[in-house]
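Asks: Any chance you could fold what I've pasted below:
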Amino acid sequence: MRSRLVTVCRVLSRVAAAVAATAAVSLALPAAPASAHGQLATSTPLTGTVVREPLTRLALYFTEKPAANAHFTITGPNGSRVDNGWSFGEPKRLDKPVTEYFMVNGVFEPRLYHTGFPAMVTVAHWPAKGRYTASYLSVASDGEAVRGDVTFDYQGPGTAAPAGWTAPTNGPEPALLALAEGDHSAATAAPATTTGAPVAGPTAPPADGGLPPWLLPAGVVLVVGAIVVVAARRKPAPGRPSGAARRPAGTTRRPGDAAGRKGGTSGKPARRGRR
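Replies: Residues are numbered from 1 along each chain as shown. Next up, the predicted model:
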């Protein structure tokens, strides 16, 4: 029994070592490139910069035209919104091309984008100096959500709000939220197409989520380890004698032994009496 437990422990140790080695090799491999499309390429102002003049609009440039129902907000230092709607702008050539990856026949292939498609977000006013955040939510041509923030520091003069203007409180449309969360059945209609739209970038194939690369080899190692453990339990422990081998040599009983011992315990024949 003890030798069997030792064998099982050794097998389990080897399985654990193999799984750990597989995970380590998988983590050491380079990660697959991101397959998201329609990402933010650049902006005016750039994130992390300081703005010293009261801009009337912010420009967010994407690698493809934003969805018609995309949602944009600009939040000031006190947490209130200062955005006042948005519109499409004229595409421009990017100073630095953006690389996006597409899954083709199970392999990620890079594509360069040299044109930025802008969303021009109107700024109603600049109430105070401090940190401002422009947030965006859209859906790319491959159905993936495009979301993020552009944060900058405003150190220019304060400006008054337009007459009768109130801070907006609206959120994204339900159809946009459904598409962004991957629930295409809940989206009642596709984004509308506007006239004069710029030439769209190449259509992206569906993103391949897949499984982690280490999961399959780790599963194979575990299955093999389980088979070895079961085989070790069924195999007799080495060096353990069988039922026949446990009987000491020379103890095989013969049919005449019982009769020969009737005369006494010494095994000698019984003595006959005198006539």
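
Asks: buried ones in the helix or strand harbouring residue 86?
Replies: Using DSSP states H and E, residue 86 maps to strand 83-88. Using 16 or more other Cβ atoms under 10 Å as the test for burial, strand 83-88 gives 83-84, 86, 88. Where you see a C-beta, it was placed from the backbone N, CA and C, and this is true even at glycine.

Asks: which helices and strands sit right next to it?
Replies: strand 71-75, strand 107-123 (3 or more Cβ pairs under 8 Å, 6 or more residues apart in numbering; DSSP states H and E).

Asks: quick one: which of those strands is nearest residue 152?
Replies: strand 71-75 (10.3 Å; Cβ to Cβ).

Asks: Counting by contacts, list what the closest one packs against.
Replies: strand 83-88, strand 107-123, strand 130-139.

Asks: Please list the outside residues in contact with that strand.
Replies: 58, 60, 81-83, 86, 119, 121, 123, 132-138, 168, 171-173, 176 (Cβ atoms under 8 Å, 6 or more residues apart in numbering).

Asks: Make a PyMOL selection of the buried ones in those residues.
Replies: To isolate the buried ones among the contacts of strand 71-75 in PyMOL, judged by 16+ other Cβ under 10 Å, type:
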select buried, resi 58+60+81+82+83+86+119+121+123+132+134+135+136+137+138+172+173+176
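
Asks: where does the stretch 151-275 of the chain dip in pLDDT?
Replies: For the stretch 151-275 of the chain, the stretches with pLDDT under 70 are 183-275.

Asks: rewinding a little: any chance of the helices and strands packed on strand 71-75 in a markdown table, plus distance to residue 96 and mean pLDDT?
Replies: Below are those laid out as a markdown table (distance: least, Cβ to Cβ, whole Å; pLDDT from 0 to 100):
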| stretch | distance to residue 96 | mean pLDDT |
| --- | --- | --- |
| strand 83-88 | 22 | 96 |
| strand 107-123 | 9 | 90 |
| strand 130-139 | 20 | 97 |
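
Asks: To residue 44, which of those strands lies closest?
Replies: Each of those has some distance to residue 44 by Cβ to Cβ; the shortest is strand 107-123, at 8.6 Å.

Asks: What pairs with that closest one, parallel or antiparallel?
Replies: strand 57-62 (antiparallel), strand 83-88 (antiparallel), strand 92-104 (antiparallel) (DSSP bridges).

Asks: Perfect, I'm done here.
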